[in-house]
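Trainee: Here's my sequence, what's the structure:
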Amino acid sequence: MSGRRRAMALAVEHGVDDLYQGAVPALVPALVAVRGWDLTRAGGIVLAATVLSSVAQPVFGVLADRRRVPGLRVIGMLTAAVGVGAVGLVDSYAATWAAVLLSGLGVAAYHPEAARAVHLTGTGDRGMGWFTVGGLAGFAAGPALVGVVVGGLGLTATPLLALPAVGAAVVALVPRRRPGPAVAADAAPSREVSGTDDWRRFGWLTGVVVTRSVLFYGLSTFLAVHLAIRFGFGPALAATTLGVFTGSGAVATIASSALTRRFGRTAVLRGSYVAALPLLAATLLAPSPVTALVATAALGAALGVPVPVHTTLGQAYLPHHLGFAAAITLGLAVSAGGLASPALGALADQAGTTVALAVLLVCPVLAGLLALALVDPPTAPDDARTGSSRA
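Mentor: So this is what the prediction gives:
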């Protein structure tokens, strides 16, 4: 299999894995409606999906840097699917929490090894861009799939959500021809890595990633609930609304390539977060469902554009620790935000979802300020010709 085809296959696989990240917040409205949970407990479910994942992501990243463990991709993906599939089969809050915790651990196991595999295809930033878009598309597909399955068949149908992972695992385990010379050369352990690690700027980038994660996961968890309360959306329509938010973000990543070629990576980061601030305000203050959906789509796009930049910029800052960089910018980028969900849920219970989501207005401001500390790494000759970030 050529490096390009291999990278595309990994992008599709990444989409399947991240489908289960997107499915968890999409299940929240159904859990609230069916089980009568308050928003504090609902936020705790999202915390379950992220708390262990946040701790495990760097560990799996270091493991991917030190040794090749390709089986982690399949194991992680199936574990994520099993956890989400079990949500509708258990009744107690503790059992639901444990099932979602297991799913988050599976997601954490998948990302670093998969990102390393993309790097070894020899497709560079272009391959990582495909990989990132695949993950975002999968995250966006999660709410849509939940809307179809749970909205149509009820909460007890969640085991059906595991079927995409089963199919992807079968495909991943089918023997393939040995990689061609270009891929094999790229995968050679003796391959030299140019550049030096810039841990200081990677630290600032991590701050941007975590801040964006709090904003994105807070919206993913409570925006659908907010619109359901304000405009009377049912669970299926609420899940569809979340799909609009995440789907527009996935589509927007396609524009990231052209934007970074024209303006540079760090300028795109700053511009995206500046744009997100008024769009978030417009989403919360929208006077009608149509206006809210339009603002939601635009906000999702603004938050989707910088995601591929996070990954390629992180690996540019840490060329000797690609797995660790991917664990932070791909994995922690989603999981860290869930840590704030219980606090947002408690605030929503006390003051309403509008107030709780309004607190998130500080996030794009903070992310933009942190991005001021970042600079574009020196551009290699090949990147200057084809674009420093083709995500």
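Trainee: Now do stretch 52-72: everything it contacts.
Mentor: Outside stretch 52-72, the residues that touch it by CB atoms under 8 Å, 6 or more residues apart in numbering are 101, 104-105, 107-113, 115-117, 321-328, 331-332, 335-336, 338-339. All C-beta spots, glycine's among them, are computed from the backbone N, C-alpha and C.
Trainee: would you put the C-alpha positions of that stretch in CSV?
Mentor: The C-alpha trace of stretch 52-72 is given here as CSV (Å, rounded to 0.1, in the frame of the first residue of the first chain):
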residue,chain,number,x,y,z
LEU,A,52,-8.4,9.1,32.8
SER,A,53,-7.9,9.9,29.1
SER,A,54,-6.2,13.2,30.1
VAL,A,55,-3.7,11.4,32.4
ALA,A,56,-3.1,8.5,30.0
GLN,A,57,-2.6,10.5,26.8
PRO,A,58,1.0,11.6,27.6
VAL,A,59,1.9,8.1,28.9
PHE,A,60,0.7,6.5,25.6
GLY,A,61,2.6,9.2,23.7
VAL,A,62,5.9,8.4,25.4
LEU,A,63,5.3,4.7,24.7
ALA,A,64,4.7,5.4,21.0
ASP,A,65,7.9,7.4,20.9
ARG,A,66,10.0,4.6,22.5
ARG,A,67,8.6,1.5,20.8
ARG,A,68,6.2,0.5,18.1
VAL,A,69,3.0,-1.0,19.4
PRO,A,70,0.6,-1.0,16.4
GLY,A,71,-1.9,-3.2,18.3
LEU,A,72,-2.8,-0.3,20.5
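Trainee: Give me the PyMOL select line for the contacts of stretch 52-72, limited to the buried ones.
Mentor: For the buried members of those, the matching PyMOL selection, counting by 16 or more other CB atoms under 10 Å, is:
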select buried, resi 101+104+105+107+108+109+110+111+112+113+115+116+117+321+322+323+324+325+326+327+328+331+332+335+336+338+339
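Trainee: Pull up the gap between residue 304 and residue 352, please.
Mentor: 27 Å (CB to CB, to the nearest Å).
Trainee: Okay, helices next: where are they in the stretch 201-350 of the chain?
Mentor: Along the stretch 201-350 of the chain, counting by DSSP state H, counting those that start in this stretch, helices occupy 235-263, 265-285, 289-304, 306-317, 322-326, 333-335, 341-351.
Trainee: Of all the residues in the third one, which ones are buried?
Mentor: Yep, that's helix 289-304 we're talking about. With burial defined by 16+ other CB under 10 Å, the residues of helix 289-304 counted as buried are 292-304.
Trainee: Including distance to residue 375 and pLDDT, could those go into a markdown table?
Mentor: Output for those, formatted as a markdown table (distance: CB to CB, whole Å; pLDDT from 0 to 100):
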| residue | distance to residue 375 | pLDDT |
| --- | --- | --- |
| 292 | 37 | 88 |
| 293 | 37 | 88 |
| 294 | 35 | 92 |
| 295 | 32 | 93 |
| 296 | 33 | 92 |
| 297 | 32 | 93 |
| 298 | 29 | 95 |
| 299 | 27 | 95 |
| 300 | 28 | 92 |
| 301 | 25 | 92 |
| 302 | 22 | 94 |
| 303 | 22 | 92 |
| 304 | 23 | 87 |
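Trainee: which one among the residues you listed gets closest to residue 228?
Mentor: Closest approach between these and residue 228, by CB to CB: residue 292, at 11.3 Å.
Trainee: The closest one and residue 280 touch, don't they?
Mentor: No - under the criterion of CB atoms under 8 Å, residue 292 makes no contact with residue 280, lying 11.8 Å away.
Trainee: Isn't residue 110 up against residue 17?
Mentor: Yes - between residue 110 and residue 17 there is a contact at 4.7 Å, judged by CB under 8 Å.
Trainee: which neighbours do the two share?
Mentor: The contact sets of residue 110 and residue 17 overlap at 76, 77, 80 (CB under 8 Å, 6+ apart).
Trainee: Among those, which lie within strands?
Mentor: Nothing among the shared contacts of residue 110 and residue 17 maps onto strands, per DSSP state E.
Trainee: Need the worst-confidence member of those.
Mentor: Across the set of the shared contacts of residue 110 and residue 17, residue 76 stands lowest in pLDDT, at 91.
Trainee: Tell me how many other residues crowd it.
Mentor: Number of residues near residue 76 (other CB atoms under 10 Å) recorded here: 24.
Trainee: give the contact list for it.
Mentor: Contacts for residue 76 (CB under 8 Å, 6+ apart) come out as 17, 106, 107, 108, 109, 110, 111, 113.
Trainee: Identify, from those residues, the entry nearest to residue 2.
Mentor: Residue 2 lies nearest to residue 113 out of the contacts of residue 76, by CB to CB, at 20.7 Å.
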